[in-house]
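1. Give me a model of this one.
(one chain, ligands or ions: 2)
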Amino acid sequence: MSNVISASHLTLAYNKGRKEVIKDVSFTIKKGEFVFITGPSGSGKSTLLKSLYGQLKPSEGDLVVGGLDLVNVKQKKLQDLRTHLGIIFQDYKLINEWTVAKNVVLPLMIAGYSVEVQNTQAQRLLKHVKLAEHANKFPLELSGGEQQRVGVARALAKNPVVILADEPTGNLDDYSSNVIWDLMENACQQLETTVLVVTHKIPTVFSLPYRHFIIENRGVYEVH
Ligand SMILES: Nc1ncnc2c1ncn2[C@@H]1O[C@H](COP(=O)(O)OP(=O)(O)O)[C@@H](O)[C@H]1O
Ligand SMILES: [Mg+2]
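-> Ligands and ions are numbered 1, 2, ... in the order given. Take a look at the predicted model:
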């Protein structure tokens, strides 16, 4: 099995290297693995995800994601990488002037897929997140949990190689949280999507095998 993510002696820092958040960590993640990341507030969970989608350059060490060397990457290549990532934030970042269906297919529109493909994919995904009947509503007509499910559907629209999610179920009700965990489990199991999720609570009902990383005191430790 091939490594989708490989970090070697990775150091992540702000303020021109003066504030080190992650120090000299090494780990690899293979295709199709599901990884939960936990750790105290301010420990660097979001910082680590940022580095994985190329928003923060490593200050030391090596970092390779999807075969791309993120230490020496050019901006153009970074754009290519991001089209293969499904990124989910805690705030949904939906476009409020667009319908739910149009929000979901945004990545497909950008990639130039036909309207037929867009429609088929939108219907399929909205069914998965239990929002089929809300396709033509606008985000602000939905609850927070429903909006986040739209965000997750959008992140999965292009069958990404890697899903990076930062506290996706942070403030959500149990029903919406379960729908989101289900969807991520399905992607991982059926499409061999690699999934990294920062969460304060690992779901109690979870059927796939998974890895658990804890970020603490600038280190990344795996729980075995
Ligand atoms: N853009 C930034 N500039 C400087 N420091 C930052 C920045 N973003 C985060 N930090 C600091 O880095 C540390 C880790 O933050 P973060 O990765 O957001 O933690 P977590 O997601 O685990 O709560 C914190 O001390 C935070 O204040
Ligand atoms: Mg965070």
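2. and the residue nearest the centre of the chain, what does it touch?
-> Nearest to the mean C-alpha position of the chain, by Cα atoms, centre = their mean, lies Leu164 at 1.9 Å. Leu164 makes contact with Leu49, Leu52, Tyr53, Leu85, Gly86, Ile87, Ile88, Leu196, according to Cβ atoms under 8 Å, 6 or more residues apart in numbering. For glycine as for every other residue, the C-beta is placed from the backbone atoms N, C-alpha and C.
3. per-residue confidence at it?
-> Listed pLDDT for Leu164 reads 97.
4. What of Trp98?
-> 97.
5. what about the closest residue to it other than its chain neighbours, neighbour count?
-> Using Cβ to Cβ, 6 or more residues apart in numbering and skipping the chain neighbours, the partner closest in space to Trp98 is Phe138 (7.4 Å). Per other Cβ atoms under 10 Å, the neighbour tally for Phe138 reads 16.
6. With the one 5 residues further on instead?
-> Around Ser143 sit 11 other residues, with neighbours defined as other Cβ under 10 Å.
7. show me the contacts for it.
-> Contacts of Ser143 by Cβ under 8 Å, 6+ apart are Ser176.
8. Return the closest of the contacts of Leu164 with respect to ligand 1.
-> Nearest to ligand 1 among the contacts of Leu164 is Leu49, at 8.0 Å by Cβ to the nearest ligand atom.
9. mind checking which helix or strand the closest one is in?
-> Element membership for Leu49 (DSSP states H and E) is helix 45-52.
10. which helices and strands sit right next to that helix?
-> With contacts taken as 3 or more Cβ pairs under 8 Å, 6 or more residues apart in numbering; DSSP states H and E, helix 45-52 sits against strand 3-14, strand 19-30, strand 34-38, strand 60-65, strand 162-166, strand 194-198.
11. Thank you, goodbye.
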